[in-house]
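Undergrad: Everything below, folded, please.
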Amino acid sequence: MNTDKLTNATVKQAVNALQTNDSKAWFALFTDKAALYDDGNKMDFKAFWQKAIGHERFTSIDKVENNGLDVYGRFHSDQWGDFKTYFKFHIDKDGKINRLDIGQAEY
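TA: Residues are numbered from 1 along each chain as shown. Presented below is the predicted three-dimensional model:
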């Protein structure tokens, strides 16, 4: 899967960690109290990703917006199948991701 469209270095590291099932690298990019919203619903960040890493991944990156922070693409989940998704990253002043909004996308 090609990540050349990803222009924000932190976002690219996060997507690469997700793609390679590297939970250590994934969690290292986030603050200790990172917020996760899935289709607008607040989720437990750590519990969600401990289950998802290794079972969910992008199959294509279709577009990137908002200075590289918003990623849209096709996604595969072992549990939910294949669908279009968005990942919207929020990065704090220290360069750590402090919020991630994910969900199904229509574009």
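
Undergrad: who touches the residue nearest the centre of the chain in this structure?
TA: With distances taken as CA atoms, centre = their mean, the chain has residue 87 as the residue nearest its mean C-alpha position (4.9 Å). Residues near residue 87 by CB atoms under 8 Å, 6 or more residues apart in numbering: 15, 70, 71, 100, 101, 102. Any C-beta I mention is one placed from the backbone N, CA and C, and that applies to glycine too.

Undergrad: Assumed the first one was part of a strand.
TA: Just to be clear, that refers to residue 15. No: judged by DSSP: H, G, I helix; E, B strand; the rest coil, residue 15 forms no part of a strand; its state is helix.

Undergrad: surely it meets residue 73?
TA: No: counting by CB atoms under 8 Å, residue 15 does not reach residue 73; the two are 9.0 Å apart.

Undergrad: returning to what we had before: which of the contacts of residue 87 lies closest to residue 53?
TA: Nearest to residue 53 among these, counting by CB to CB, is residue 15 at 12.1 Å.
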